[in-house]
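> Provided below are the primary sequence and the corresponding predicted coordinates.
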Amino acid sequence: MAAGDLTTLANLKAYLGSNVGSYSDAWLSGVISAVSQQIQQWLSRTIASASYTDKFSGPGGISVLTRQYPITAVSAVSIDGVAVPASTTQTDAGYQFDKRKIQVRGYRFGRGVMNCSISYTAGYATTPADLEAAVWETCSIFLSSQGADSPALKMLRAGDTEQQTQIPGTVSGAAIGTIIASPNITSVLMPYRPAGFSY
């Protein structure tokens, strides 16, 4: 499973069942990577859990929506060069966070130019089930639409030796993008698309 992939080869093959046909594992893995990349581009976000450091101009106010979510940990918050501590109670000064935002008490994300910084971890440890199913469906539609460009098995003969080899087709990002734009797929993807962020 390549970095950034939203499903595994085994899970896709289980979904396709007998429709796997003669597709090689290498070809299917390439389709998974291409679909995963296109979906995350459409979502304008990364799904897998990762660490981020965002530097931004303070918007004013006591909370910010981060670019990536769900937030699972915050390691540092800095405003105007001052480190903001984690708040351990509902009344202590410092920062707290939920899945979508970081909030400060006793501080403000004061207006300025690139004067704020937050280091945090966000994303999913595993691909959410409905999102993974959308990846399978997109892969399935793409594979069934390939026609003449589908990977084909060809017999090659050299003397007395005959070998079966696979001639791969082209994984078209534009074709995948068209499938993703269909209502059935976008209805699943929309809840994962950021509604906005504060910087």
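Yep, it's here.

> show me what counts as buried in the top strand by length along the chain.
Longest strand of the chain, by residue count under DSSP state E: strand 71-79. By neighbour count, and taking 16 or more other CB atoms under 10 Å as the criterion, the buried residues in strand 71-79 are 71, 74, 77, 79. C-betas here are computed from N, CA, C, even on glycine.

> so what touches that strand?
With CB atoms under 8 Å, 6 or more residues apart in numbering as the test, strand 71-79 has contacts from 49, 51, 53, 58, 83-84, 86, 95, 97-102, 104, 107-110, 115-123.

> output the buried residues of strand 71-79 as a markdown table; include the columns pLDDT and distance to S22.
Written out in a markdown table, the entries for the buried residues of strand 71-79 read as follows (pLDDT from 0 to 100; distance: CB to CB, whole Å):
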| residue | pLDDT | distance to S22 |
| --- | --- | --- |
| I71 | 97 | 44 |
| V74 | 98 | 49 |
| V77 | 98 | 54 |
| I79 | 98 | 59 |
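
> just give me the closest of those to I185.
The shortest separation between I185 and any of these is 26.4 Å, and it belongs to I71 (by CB to CB).

> and that closest one, how far is that from E137?
29 Å (CB to CB, to the nearest Å).

> for T186, same thing?
12 Å.

> cool, and R111?
Look at R111 and E137: by CB to CB, they are 45 Å apart.
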